[in-house]
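Student: sequence-free structure coming up:
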């Protein structure tokens, strides 16, 4: 009987057909292209949570920390604040210090517009720079306690426990939309 089922699968067009028909909720091996990416992320700074949604709704929640206890929008380079707004993941890589990392497209056009507006209003010095390199990344493996204790330690990035970031990294593709809200 097993052999008949296997040959039936082959007659349908091979095993990849079977893998692509398995829902994402039961199989992290699903490789979504940017065009077919079912995921989006909402970072809720006030609740210290990163929530993943897919085309069926809520998918997962991860506890997180930031750089500063001041959860308002990033004003300039060096303020350790996490920017608010709409972004997307542009690079997935393994950082030498904290492992899995999802780099955001910060600064994007909206971030630059707000930064320039604040400079013009005198809210930040004329010599200030906007900064870059904002990511969602892991803690070091031995420093997961920082998330448990709401210890904000980054330079403005979003930090997830190392063990949980490995999971998030495994299924979130480049191109995923990320909304960071106050």
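Tutor: Here it is on my side, so go on. This one's a predicted model, so the numbers in the text were calculated from it and none came from an experiment. Numbers count the residues shown, from 1 in each chain.
Student: Residue 129 is in what secondary structure piece?
Tutor: Element membership for residue 129 (DSSP states H and E) is empty, with no helix or strand holding it.
Student: From residue 68, how far out is it?
Tutor: Remark: distance between residue 129 and residue 68 (C-beta to C-beta, to the nearest Å) = 17 Å. No exception for glycine: its C-beta is placed from N, CA and C like everyone else's.
Student: the more surrounded of those two?
Tutor: More neighbours sit around residue 68 than around the other of residue 129 and residue 68, counting by other C-beta atoms under 10 Å; the figures are 16 against 12.
Student: Residue 159 versus the nearest residue to that one once chain neighbours are set aside, what's the distance?
Tutor: With C-beta to C-beta, 6 or more residues apart in numbering as the criterion, residue 68 has its nearest non-adjacent residue at 4.2 Å, and that residue is residue 80. Counting by C-beta to C-beta, the gap between residue 80 and residue 159 amounts to 12 Å.
Student: ditto for residue 95
Tutor: As for residue 95, its distance to residue 159 is 11 Å (criterion: C-beta to C-beta).
Student: In terms of neighbours, single out the busier of the two.
Tutor: Of the pair residue 95 and residue 159, residue 159 is the one with more neighbours under other C-beta under 10 Å, namely 28 against 12.
Student: A helix includes that one, no?
Tutor: No. The assignment for residue 159 is strand, going by DSSP: H, G, I helix; E, B strand; the rest coil, so no helix is present there.
Student: Please verify my assumption that it contacts residue 146.
Tutor: Yes. Between residue 159 and residue 146 there is a contact under C-beta atoms under 8 Å: 7.0 Å.
Student: which residues do those two both contact?
Tutor: With contacts defined as C-beta atoms under 8 Å, 6 or more residues apart in numbering, the residues shared by residue 159 and residue 146 are 65, 139, 153.
Student: For residue 130, the count of nearby residues, please.
Tutor: Look at residue 130: counted by other C-beta under 10 Å, it has 19 neighbours.
Student: just the one 5 residues further on next, same as before
Tutor: Residue neighbour count, defined by other C-beta under 10 Å, stands at 23 for residue 135.
Student: Quick check: phi and psi on it?
Tutor: Backbone torsions of residue 135, given as degrees, to the nearest 10, read phi -140, psi 170.
Student: For beta bridges, what are the partners of it?
Tutor: Using DSSP bridges, the beta-bridge partners of residue 135 come out as residue 103.
Student: which residues of the chain score low on pLDDT?
Tutor: Counting by pLDDT under 70, the chain contains low-confidence ranges at 1-35.
Student: for the biggest helix by length in it, the distance to its chain's centre please.
Tutor: Longest among the helix segments of the chain by residue count, using DSSP state H, is helix 109-120. The gap between where helix 109-120 is centred and where its chain is centred comes out at 23 Å by C-alpha atoms, centre = their mean, to the nearest Å.
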